[in-house]
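Enquirer: give me the fold of what follows.
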Amino acid sequence: MEIKEKVSLSDMTSFKIGGEASYFVLAKTVDDIKEAIIFANNKKIPWLVLGSGTNILVNNEGYDGLVIKIDIKGITGLKVGAGENWDDFVSQCVKNGLYGLENLSGIPGTIGASPVQNIGAYGVEVKDVIESVEVLNTECLVLETLSNKDCNFGYRDSFFKRPEGKKYIITHVTFKLKKEGKLNIEYKDVRNYFTEKGIIPSLQEVRNAILEIRKGKFPDLSKYGTAGSFFKNPIIKKEQYEKLLKKYPSMPNYKIDELNVKIPLAWILDNICNIKGVRRGNVGVYEKQSLVLVNWGNATSDEVKKYAKKIAISVKQKTGIDIEPEVQYVL
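Expert: Residues are numbered from 1 along each chain as shown. Okay, the predicted model is just below:
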């Protein structure tokens, strides 16, 4: 294991933004992670875990500590190394006739990041198919296994994003998938895809549909700097939604429970704030999906944060709804 000094992080994030890490290590094994933690403790510096950098915004001033990039590979049954590519694993599962992950096709990132964010798309969340998560407790350097319930999953949230979960580093994730399952094509875009194409849904066809839909909505990561959907869809009280409905009769919603509904933020940004495709200097809202902020070439972390704040203020002023970023800030 080699610990490097002064390594640029902009090359390791999909936003293509970020300064240097004081120290950097590529951890291919659990022992590598242990050595990295011991190094950080001896240096009395903080450490940060990095996957493929697809859901973070790194400060241009860099990170004054140790960045541990997880590169643990290997698939044994449905137990998968945290460094494996997410979509490669989804593709493999679909080819093997395993149901459960197909709606999560095309999401950039690693296996290890999936439970942290409780990634979700097109009516499915990864919490529904995770059996357990193997973690390294960095306080005692011992491996532990957390059940699905232990992970305390929420909407784009989990135990790992809270203070008590910060001491754990994910090494492997075990999934529970089915050989015979029910396809989920209830999401509007997916349902419309099959209606318009006249295609009979199958496991592979659902994956193909998701990939095509995503391609039409999200920028090509090889060409643009972006972290995908920048904001979470807000969940509000049903009473608040009913009041907004009087002002905006066509505002859609998705029922969460008897008291709460989820509002598609993109609809608000498109129809109320009118910001789709609007650019401010080096940062802009993607013209095909207003949840996505794009670095057009030389944007700084401050520019992105300021633009995101302006969007949040606009939504609050026009609807009374508070929104929060899905992207994690590394400051």
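Enquirer: how about the helices in the stretch 151-300 of the chain?
Expert: Under the criterion DSSP state H, counting those that start in this stretch, the stretch 151-300 of the chain contains helices at 188-197, 203-217, 238-247, 265-271.
Enquirer: save the ones you listed as JSON lines, and put in mean neighbour count, mean pLDDT and distance to residue 39 too.
Expert: To be clear about C-beta, it is placed using only N, CA and C from the backbone, and glycine gets the same treatment. Listed next are these as JSON lines, based on neighbours: other Cβ atoms under 10 Å; pLDDT from 0 to 100; distance: least, Cβ to Cβ, whole Å:
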{"stretch": "helix 188-197", "mean neighbour count": "14", "mean pLDDT": "93", "distance to residue 39": "46"}
{"stretch": "helix 203-217", "mean neighbour count": "18", "mean pLDDT": "95", "distance to residue 39": "39"}
{"stretch": "helix 238-247", "mean neighbour count": "13", "mean pLDDT": "96", "distance to residue 39": "49"}
{"stretch": "helix 265-271", "mean neighbour count": "19", "mean pLDDT": "97", "distance to residue 39": "41"}
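Enquirer: residue 36 and residue 175: what is the separation?
Expert: To residue 175, residue 36 is 26 Å away according to Cβ to Cβ, to the nearest Å.
Enquirer: more neighbours: these two, which one.
Expert: Set residue 36 next to residue 175 and count neighbours by other Cβ atoms under 10 Å: residue 36 wins out with 25 against 20.
Enquirer: check contacts around that one.
Expert: Taking Cβ atoms under 8 Å, 6 or more residues apart in numbering, we find residue 36 in contact with 1, 3, 25, 27, 47, 66, 68.
Enquirer: make sure the second one is actually in contact with residue 66.
Expert: Yes: A contact is recorded between residue 3 and residue 66 when judged using Cβ atoms under 8 Å, the distance being 7.4 Å.
Enquirer: now do the shared contacts for those two.
Expert: Common contact partners of residue 3 and residue 66 (Cβ under 8 Å, 6+ apart): 23-25, 36, 39.
Enquirer: farthest pair in these?
Expert: 24 and 39 (11.2 Å; Cβ to Cβ).
Enquirer: of those two, which one has the most company?
Expert: residue 24 (23 against 17).
Enquirer: tell me how far that one lies from residue 160.
Expert: As judged by Cβ to Cβ, residue 24 and residue 160 stand 21 Å apart.
Enquirer: gap between residue 220 and residue 286?
Expert: Counting by Cβ to Cβ, the gap from residue 220 to residue 286 is 11 Å.
Enquirer: an error on my part: the question was meant for residue 104.
Expert: Distance check for residue 104 against residue 286: by Cβ to Cβ, it reads 21 Å.
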